[in-house]
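1. After the sequence you'll find the predicted model.
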Amino acid sequence: MKYDYSGLEVKWRQKWKDDKLYKVDVDTAKPKYYILDMFPYPSGAGLHVGHPLGYIASDIFSRYKRQKGFNVLHPMGFDAFGLPAEEYALATGIHPADSTAQNIERYKEQLDNIGFSFDWDREIRTCEPEYYKWTQWIFTLLYEHYYDLSADKAESISELRKRFSSSGTENISAFSSEDHHFDAKEWKAYSESEQEDVLSSYRLAFRKRGYVNWCAALGTVLANDQIKDGLSERGGHPVARKAMDQWCLRTTAYAERLLSGLEKIDWSSSLKTIQRNWIGKSSGARIFFQIDGHDDKLEIFTTRADTVFGATYMVVAPEHPLIDRIVTTEQKAAVKDYRSYVSLRSERDRMTDVKEVTGVFTGAYAKHPFTQKNIPIWIGEYVLMEYGTGAIMAVPSDDDRDHAFATKFELEIIEVVDKTGFPDASRTDKVGVLQNSDFLNGMSVKDAIKKMGEEITRQGFGEVKINYKMRDAGFSRQRYWGEPFPIVYKNGIAQTVDSDSLPVTLPVTDDFKPTTDGRSPLSRLTDWVKLDDEFTRETDTMPAVAGSSWYFLRFMDPNNPAAFASAEALDYWQDVDLYVGGAEHAVAHLLYARFWHKFLYDLDYLPTDEPFKRLINQGMIQGVIEFLPMIKDANDHITFVSYDLLTDEMSGHGKLAFIPVFIDYVSDYGSKNSFLSAEGLRSFLEWRPSYKSATFKTNNGHYENSQFLSNEEDFRFVTKSEVGKMSKRYFNVVNPDKVVSEYGADTFRIYEMFLGPIEQSKPWDTQGIEGVSKFVRKLWNLFFTDEKLDINDDEPTEAEFKVLHTAIKKVSEDIEKFSFNTAISAMMICVNELRRIKCNKREVLEPLLKLFAPFGPFTAEELWQLLGHKDSIHKSDYPIHDDKYLQQNSFDYPICINGKKRVMKSFAVDTPKGEIEKSALAMEEVQKWIADKNVVKVIVVPQRMVNIVVK
RNA sequence: GCGGGUGUGAUGAAAUUGGUAGACAUGCUAGACUUAGGAUCUAGUGCUUCACGGCGUGGGGGUUCGAGUCCCUCCACCCGCACCA
């Protein structure tokens, strides 16, 4: 029988579907195992070859665990809200709901083609009201809770209200963004909105003035990611920082628990480090500097309290609210200019651009708390409003940026740490002895930090404080395609929508164009916004992270209309045992999901306080990105210059840009010789008609005024190739469907796993897929002689058992380690061996088939049925290796002279060390090397090697 | 700028965690078979040398009997950095 993958794939796909082979329910008789993939955003480009990498790995693991006797929950769904669908809608007029539904259908079909064992009865989509009802519900809980520091968990706001009414802020230890001090009487005297202001500094969901990247020309807020060199990536319009009221989640309240929770989960150390650095815990001090001639104090945070005497000026962020009050008349114009310059700079630019230091003097001075000297207050873009307090004391002697700033503006530098004892230390290293620092003189940096902490506390200048770099999560989007907030306003005061009125459904409209003033498109739907009784709805929507922050819980009980998940389901499934996904989610998604999970745990809805026990980051399958170099001249005329013509002079111009081009238009894409032919250029212009009047200069041909001014056949515009992310924005997506139809799903699955370690990123290419395809066919052919099934029931030999059990051992160990490439290589070795010894015994081939089943589910199932089994191989048990077949009697020792292998010699495994040493030294080949030298030492490592050291 | 990662033959990679560098594949070379195929099989294939041998895991240095693996330092590339998902 010939191996016909497409026929058997179609057959089994249907059969598995009809039988609901992968349907799973709570089954207390079996141990549970929850294996989760990061669910995809259903982009219009369809699934690309990078997506399945993680899915294949988790699918192999799921099938393996099922065979091992676990009740495996392995669901799939779609993160269906998001910006691309909305942008697509703006471009085409197709409603996001329609395009999303269409994309999901395509994704599902593609996923099924690859033979994943998802339980589709549990599919969820974050954009469906049945789902986002509970996203909104959790949001209302966040709104109605605060973080109680003494209980170390979330508690209800109504409780806090009661406590305020009875005893004010006394005995309250709660996480708040402000310091409040009032008694019960004062509290009661506050107006409703004043009370709300106070409470909102405690709520875990709250509104705050935040800065966004506002692009007036596009009428929309942009991600840092969508900005290139201060201009919008789309259209190249200017982008400015704009203050807007935003919903935020008080993730900072959970900073400590998010940090300590990392201890007990099985994630890679690099991922934990990334989260730790993101949370960015640092202990330091906050210090208040009195502003000269004002009542205001400037609050700063520093980790280097020891260097206070080296503080020769202050720097505040350009957005700092104090600036307006303290700036002097003479400096007003300069400050205004500087702030408008900075408003055009993205946060990324401000952090990255260190070559040029910028800043402006406010004219105001602060009093140094210890010396009483007046020190100038400057504004500098390198201080960010969102970090710490948005102000620093600058110590040019011990901070690089401060030093650069002081040098440029000729500000005083006082060396306060003597590092002569540490010649290799850099400016910022915390070593040395304090000098020029009054009572700190002679102390080590470490002691001085401690001493200064005590001193500022004692004298009332400040206090020791722990600071986190992590900010509260911005949770508002001025977009259409997201979850509406379950919030209504009356007289400007927010309140939540009753839980029995949830969900607040996203109104259907075709008018999702952004507004000109930055408000959400929903604000235009006045019928929807305005409710009875003077209530109006919140018109912002939630970000895409909302739906993905808790979806793993919904999978436990996805169709429950009465709760986000039943207590029974939560109690059985507990948490995710294994989570597989891309490292690009290392912070945002994984941190927010942990935050939501901990919050729900605090409210006793969940049995566990960490959602993901073990996490594997699959690497990224990269693609090739092809660019066309483009130059815009002063008259806005666009010239594309072939990459080989591009000179440094042009590159230095600043007007040069690289325009990504759809890779299918590029000949020989991915190579050094990639180019656009005349036909490719025509396709490009069809695709990007705005460039129709542009000029294309090349070494081989010229295109201008919409026509070729040279022989079209010779036209050759060299493009610039890079390796990078496979993404719709680079027009370089490679679709798995083609590979699946050409080689079969099993070969595709095994090939992706065979490419290399799962965590590693690599560019996609199909070199080598032949070898995998050959392996699958060889395995198939083991069962046949002259295309007829030929299996015999004889007892296998020792040698045959050894081949099989070596593979069983290696493959099971490797699956546990997520080392699929080496597991596959072990199976290849096994198949090659069995072929060589012409083994067609049932007792060997059946276990081999079970071993192979998680990797090649279709082929394995077909052969299993041909062997006469009625039940699916995917319900069979996993083979266990027996050490008795693996025992070795002898070991081939490499004999090394000074660490270099010279000869091999075999010894029985139980040969004593001394004997090995003796006979090794006696060997002729060894004598040759050591004859005229002294043997200093002989090292024998049993079952490893022998090393003879000579001089 | 900050943070994380990677670097081994022509290519994807492996290496029992300090013990034979290059398993398993791809590619290439030669041969066999022939129903001439993008099929299958056999042998070879790190570099260098006629050979003995020498060299070899991004560069440089160190620890060790022994380093791809540990330490220091430099370089290159990839990923993330809060409104892409």
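-> On my side now, so go ahead. Numbering: from 1, shown residues only, chains lettered A, B, ... in the order given.
2. Next to RNA strand B, which bits of the stretch 651-800 of chain A? Give me the list.
-> If contact is defined as C-beta under 7 Å from any atom of the strand, the residues of the stretch 651-800 of chain A in contact with RNA strand B are A:722-725, A:727, A:754-757, A:760-762, A:767-768, A:770-772, A:774-775, A:777-778. All C-beta spots, glycine's among them, are computed from the backbone N, C-alpha and C.
3. Can I get the buried part of these as one ChimeraX selection?
-> Only the buried members of those enter the following ChimeraX selection, criterion being 16 or more other C-beta atoms under 10 Å:
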select /A:722,725,727,754,755,761,772,775
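4. who's in contact with the nearest residue to A:Leu83 once chain neighbours are set aside?
-> With C-beta to C-beta, 6 or more residues apart in numbering as the criterion, A:Leu83 has its nearest non-adjacent residue at 6.7 Å, and that residue is A:Arg479. Remark: with contacts taken as C-beta atoms under 8 Å, 6 or more residues apart in numbering, A:Arg479 is in contact with A:Leu83, A:Glu86, A:Ser520, A:Pro521, A:Thr541.
5. redo that, cut-off 7 Å
-> The neighbourhood of A:Arg479, defined by C-beta atoms under 7 Å, 6 or more residues apart in numbering, consists of A:Leu83, A:Glu86, A:Ser520, A:Thr541.
6. Check those residues one by one and keep those near RNA strand B.
-> Intersecting those with the contacts of RNA strand B gives A:Leu83 (criterion: C-beta under 7 Å from any atom of the strand).
7. Might you list the low-confidence residue ranges for the stretch 751-900 of chain A?
-> Within the stretch 751-900 of chain A, not a single segment meets pLDDT under 70.
8. Recalculate using a threshold of 80.
-> Where the stretch 751-900 of chain A drops to pLDDT under 80, the residues are A:786-787.
9. now whichever residue of it sits closest to RNA strand B, what's its secondary structure?
-> Scanning the stretch 751-900 of chain A for the residue nearest RNA strand B gives A:Gly771, at 2.2 Å (criterion: C-beta to the nearest atom of the strand). With DSSP: H, G, I helix; E, B strand; the rest coil as the basis, the three-state label of A:Gly771 is helix.
10. ok, back up a step: what does the pLDDT read for the residue nearest to A:Leu83?
-> At A:Arg479, the predicted lDDT confidence score is 88.
11. Please report phi then psi for it.
-> Note on A:Arg479: its backbone torsions stand at phi -130, psi 170 [degrees, to the nearest 10].
12. Same question for A:Arg427.
-> Comment: the main-chain dihedrals of A:Arg427 come out as phi -50, psi -40, following degrees, to the nearest 10.
13. Could you report the distance from it to A:Gly619?
-> As for A:Arg427, its distance to A:Gly619 is 37 Å (criterion: C-beta to C-beta, to the nearest Å).
14. got it, and A:Tyr730?
-> Using C-beta to C-beta, we find A:Tyr730 at a distance of 18 Å from A:Gly619.
15. Likewise for A:Asn699?
-> Using C-beta to C-beta, A:Asn699 is found at 38 Å from A:Gly619.
16. Those two: which is more packed in?
-> The residue with the greater number of neighbours, taking A:Asn699 and A:Gly619 and applying other C-beta atoms under 10 Å, is A:Gly619; the counts read 18 against 12.
17. Run through the residues that contact the residue lying closest to A:Gln435 once chain neighbours are set aside.
-> With C-beta to C-beta, 6+ apart as the measure, A:Asp418 is the residue that lies nearest to A:Gln435, at 4.7 Å, once sequence neighbours are left out. When the contact criterion is C-beta under 7 Å, 6+ apart, the partners of A:Asp418 are A:Gly432, A:Val433, A:Gln435.
18. what does the stretch 101-250 of chain A have sitting close to RNA strand B?
-> Proximity of the stretch 101-250 of chain A to RNA strand B is confined to A:Val212, A:Asn213, A:Val221, A:Leu222, A:Ala223, A:Asn224, A:Asp225, A:Gln226, A:Met244, A:Gln246 under the rule C-beta under 7 Å from any atom of the strand.
19. lowest-confidence helix or strand of chain A?
-> The element with the least model confidence among the helices and strands of chain A, by mean pLDDT, DSSP states H and E, is helix A:648-652, at a mean of 57.
20. can you map out the helices along the stretch 851-951 of chain A?
-> Along the stretch 851-951 of chain A, the segments classed as helices by DSSP state H, counting those that start in this stretch run A:857-866, A:913-922, A:924-930.
21. Centre of the chain to the first one, how far?
-> Using C-alpha atoms, centre = their mean, to the nearest Å, the distance from the centre of helix A:857-866 to the centre of the chain it belongs to is 37 Å.
22. can I get the CA coordinates of it in CSV?
-> Output for helix A:857-866, consisting of C-alpha atoms alone and laid out as CSV, is shown next (Å, rounded to 0.1, in the frame of the first residue of the first chain):
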residue,chain,number,x,y,z
PRO,A,857,-1.1,11.6,14.4
PHE,A,858,-2.6,10.9,11.0
THR,A,859,0.0,8.4,9.8
ALA,A,860,0.1,6.6,13.1
GLU,A,861,-3.7,6.3,13.2
GLU,A,862,-3.9,4.8,9.7
LEU,A,863,-1.2,2.2,10.4
TRP,A,864,-2.8,1.4,13.8
GLN,A,865,-6.1,0.6,12.1
LEU,A,866,-4.4,-1.4,9.4
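23. which outside residues touch it?
-> For helix A:857-866, the external contacting residues (C-beta under 7 Å, 6+ apart) are A:5, A:8-9, A:12, A:63, A:115, A:745-746, A:776, A:780, A:783, A:789, A:849, A:852-853, A:872-874.
24. shaky segments in the stretch 101-250 of chain A?
-> Using pLDDT under 80, the flagged stretches of the stretch 101-250 of chain A are A:219, A:225, A:228-230, A:233-236.
25. May I have the beta-bridge partners of A:Asp266?
-> Going by DSSP bridges, A:Asp266 is paired in beta bridges with A:Arg614.
26. and the gap between A:Gly44 and RNA strand B?
-> A:Gly44 sits at a distance of 11 Å from RNA strand B (criterion: C-beta to the nearest atom of the strand, to the nearest Å).
27. these two touch, right, that residue and A:Ala89?
-> No: because the distance of 10.7 Å does not satisfy C-beta atoms under 7 Å, A:Gly44 is recorded as not touching A:Ala89.
28. Please report the distance of A:Arg106 from RNA strand B.
-> With distances taken as C-beta to the nearest atom of the strand, A:Arg106 is found 16 Å from RNA strand B.
29. same question, A:Gly77
-> Applying C-beta to the nearest atom of the strand, the value for A:Gly77 to RNA strand B is 11 Å.
30. residues in contact with A:Tyr601?
-> The neighbours of A:Tyr601, taking C-beta under 7 Å, 6+ apart as the test, are A:Thr608, A:Asp609.
31. try A:Glu123
-> For A:Glu123, the contact set (C-beta under 7 Å, 6+ apart) comprises A:Met76, A:Gly77.
32. again, 10 Å this time
-> Shown here is A:Glu123, whose contacts under the criterion C-beta atoms under 10 Å, 6 or more residues apart in numbering are A:Phe39, A:Pro75, A:Met76, A:Gly77, A:Phe78, A:Ile104, A:Lys108, A:Phe555, A:Pro558, A:Asn559.
33. What backbone torsions are found at it?
-> For A:Glu123, the backbone dihedrals (degrees, to the nearest 10) come out as phi -60, psi 140.
34. Could you do the one 10 residues further on as well?
-> The phi and psi values for A:Lys133, taken as degrees, to the nearest 10, are phi -50, psi -40.
35. which residues touch A:Lys778?
-> Contacts of A:Lys778 were listed using C-beta under 10 Å, 6+ apart, and they are A:Tyr3, A:Met828, A:Val831, A:Asn832, A:Leu834, A:Arg835.
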